[in-house]
Each structure stands twice: as C-alpha cells, then as structure tokens.
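> Predicted model and sequence below, questions to follow.
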Amino acid sequence: MCISVNHVPVLYAEALDSLHVRPGGRYIDCTVGGGGHAAGILERSAPNGRLLGLDADPQAIALARERLQRFANRVVLVNENFAYLGEVAAAQGFAAVDGIIFDLGLSSFQLGPAGRGFSFQVEAPLDMRFDPRQTTTAADLVNRLPEDGLADLFFQYGEETRSRRIARAIVAQRPITTTTQLAQVIAQAVGRQGRIHPATKSFQALRIAVNQELEVLAAALPQAVALLAPGGYLAIIAFHSLEDRLVKQFLQREARHCLCPPRTPVCVCGHRATLHLVTRQAIQPSAAEVQRNPRSRSARLRVAQRLA
C-alpha cells in the first residue's frame, strides 16, 4: 500500500523548530515511519547534514526509502526497534548527534486497509505487530490470556474502567480472530455512548501489549540522551497519557541534580542533571492542524536539551 509522499506528519513545523536543525548536523529519527519528519530534517540540514532513521516496521522502511531516495547517501535507514537505538547508532557511526526525534503515533498506512489489525474500522486478522518478526499477536493475547489477565491488560494499558466486563465477554465468545469480531463483542458487552467507539481503549491496550511499547520506550530514552552531543535536542511526540506520562517523568528526572527524598539532609544518590527542559508544558497541535487532521488532537510534544 502507498501513502502520499506529500503526507505531513503531526506537529511537523513544531518538531523541526524544536530540534534547531542546522546545515551539516547529524540527526536520528527513531520512528521514521513514512519519512515525513526525516525529509524535513534532511532539507534543513542541507547540503551535508546526515540522518539515521529507524523503524520496527519493514513497510515503514520501504516507504521512507522511497520518499527519501533524493537525499542519497545523506540518509541511512535501518529496520530495527528503537529499543536497540544505541547499538544501531554505534554500528552506523552516529554518535554525539545534534538531535533525536521520536514520533510515537501510528502512521496512516498502518491504520489503512492493509490487514495489519490496528483498526477496528477495517476487517483484518488480529495482528497489531509493528515488526512481523515478533512472535506474539493480538489474537494470541485475546484467545490465550485468562479472564483476569485480559482485564488487567485493558485496565493497565487502555485505562479502560469496564475492563472486567469486556474480558468476561471476550472469554465467552472465544475464539476471536478478526478486528471487527472483537470490536463487536466489546460493543455488545458495554454498549455504545457518545462519539468514541467502545473498543478504542481495548485496541490501544492490545497494541501496546503486543509491541511492549512502554517497556521499549523506557529502554530507549536513556540511550537517546547518551547519544546527544552537548547542546543537542531531544524531541518526543506522544499520543496517549501513558506514553506522555513516562516521557514527562523521565525528562523531569534527568533535569534534576538530585533524586534523593526531599527530607534527605545531604545528597547521597550522586545523580547529576543531563538535560535542560526546553518545554515545561507539552506543545499541542493548533486548532487548524486538528481540523485538517483529527488524529493529531491527542499529540503532545516535549523537548529537552543535552547539558554539557
């Protein structure tokens, strides 16, 4: 499936401005997707700036390669999860870089009619893997987890307050093999009120669990800080509260000189700040962007700068 090479990603200008992209700079896009942010970085870093792009999804790498081919040897693309960011960067000769970006949202092609299982609006197998080399699918979790395990998954990763009712209905209807089948079971279990489909949070929870998104992000953030040169910028776009909370807490912790409890008379932790918070509050899309792209409404951009 193709996406338009003119596709503009969420918070495009804000993210590039936050990175302070300069000619000749070296940058890493940890979630290259269709190559939207990457193209902007390469344009602004011309004539000799370089970019390393990672993505766990091989389809994303193929799309990015097509979109970025005009930049020739200024871009290196690697089909790998950003959990291995440090390892990949070392292998490709990217150290002490000027900027790193994470765009943690799903790409348009992943939500489209490509049989990936991310959307309940499209009939597809319950897959939800970013990387087809992964062994566990959403169908495995839906059909194998015990009722309590399913309920905990929906509550923890989807913040779904009706998780036990949903889990009970799923167990009663197993096996469930397609997206629309699962969405129908959930809708029948809890009913439909308002504009948001009742399966939205449960699908989010399954996707996060299948791809271990929070664990992977927690592992990648310290690696990103270590790769930044002094003065380099880290920009992270999150799309749901669990991701954004993890990012916010990590950045706040790395901006502090001491992590000891407040009443500790003398610092014993030895922690020293590695980051300066450029944005105390997350940057959100403008009303005009949300109108153009309703999927952008939940995006939150946080930015930090590496200290010397």
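Looks like it came in fine.
> So the chain: which segments form each domain?
According to automatic domain parsing, the chain is divided into the following domains: 12-103+213-306, 117-211.
> Which SSE is immediately downstream of the lowest-mean-pLDDT helix or strand in the chain?
In the chain, no helix or strand scores lower on mean pLDDT, DSSP states H and E than helix 108-111, which sits at a mean of 60. Moving toward the C-terminus from helix 108-111, the first helix or strand encountered (DSSP states H and E) is helix 138-144.
> quick one: average confidence on the helix or strand following that following helix?
Using DSSP H and E, the helix or strand that follows helix 138-144 in sequence is helix 147-158. Confidence over helix 147-158 (mean pLDDT, whole number) is 98.
> neighbouring contacts of helix 147-158?
Outside of helix 147-158, the residues that reach it under the criterion Cβ atoms under 8 Å, 6 or more residues apart in numbering are 141-142, 145, 160-161, 163-164, 166-168, 170-171, 201-206, 208-209, 214, 242. The C-beta positions use only the backbone N, C-alpha and C, and glycine is treated the same way.
> same thing but 10 Å
141-146, 160-172, 186, 199-210, 213-214, 240, 242 (Cβ atoms under 10 Å, 6 or more residues apart in numbering).
> Now do the next helix or strand after it and helix 147-158, the angle between them.
Towards the C-terminus, the helix or strand next in line after helix 147-158, according to DSSP H and E, is helix 163-173. Orientation of helix 163-173 against helix 147-158 (axes from the mean of the first three to the mean of the last three Cα atoms, to 10 degrees) gives an angle of 130 degrees.
> Who are the packing partners of helix 163-173?
Judged by 3 or more Cβ pairs under 10 Å, 6 or more residues apart in numbering; DSSP states H and E, helix 163-173 is in contact with helix 138-144, helix 147-158, helix 179-190, helix 200-211.
> can we see that at 7 Å?
Counting contacts by 3 or more Cβ pairs under 7 Å, 6 or more residues apart in numbering; DSSP states H and E, the secondary-structure elements packed against helix 163-173 are helix 147-158, helix 179-190.
> Dump the domains of the chain into JSON lines; add mean neighbour count as well.
Rendered in JSON lines, the data for the domains of the chain read as follows (neighbours: other Cβ atoms under 10 Å):
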{"stretch": "domain 12-103+213-306", "mean neighbour count": "18"}
{"stretch": "domain 117-211", "mean neighbour count": "18"}
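> quick one, phi psi at the residue nearest to Ala183 when sequence neighbours are not counted?
If you skip the residues right next to it in sequence, Ala183 has Phe120 as its closest partner in space, 3.6 Å away by Cβ to Cβ, 6 or more residues apart in numbering. As for Phe120, its main-chain torsions (degrees, to the nearest 10) stand at phi -80, psi 0.
> Tell me how far the residue at the greatest distance from the centre of the chain lies from Cys258.
When each C-alpha in the chain is compared with the mean C-alpha position (Cα atoms, centre = their mean), Pro265 comes out farthest, at 39.1 Å. Taking Cβ to Cβ, to the nearest Å as the measure, Pro265 and Cys258 are separated by 12 Å.
> Give me the pLDDT value at the spatially most central residue of the chain.
Note on the chain: the residue nearest the mean C-alpha position is Leu104, at 1.7 Å, using Cα atoms, centre = their mean. On the pLDDT scale, Leu104 is placed at 95.
> For it, give me its contacts.
With contacts defined as Cβ atoms under 7 Å, 6 or more residues apart in numbering, the neighbours of Leu104 are Thr31, Ile237, Ala238, Phe239, Glu243.
> helices or strands next to the host helix or strand of the second one in the packing?
Ile237 is part of strand 228-238, with elements assigned from DSSP H and E. Using 3+ Cβ pairs under 7 Å, 6+ apart, the elements in contact with strand 228-238 are helix 12-19, strand 97-103, helix 241-254, strand 300-306.
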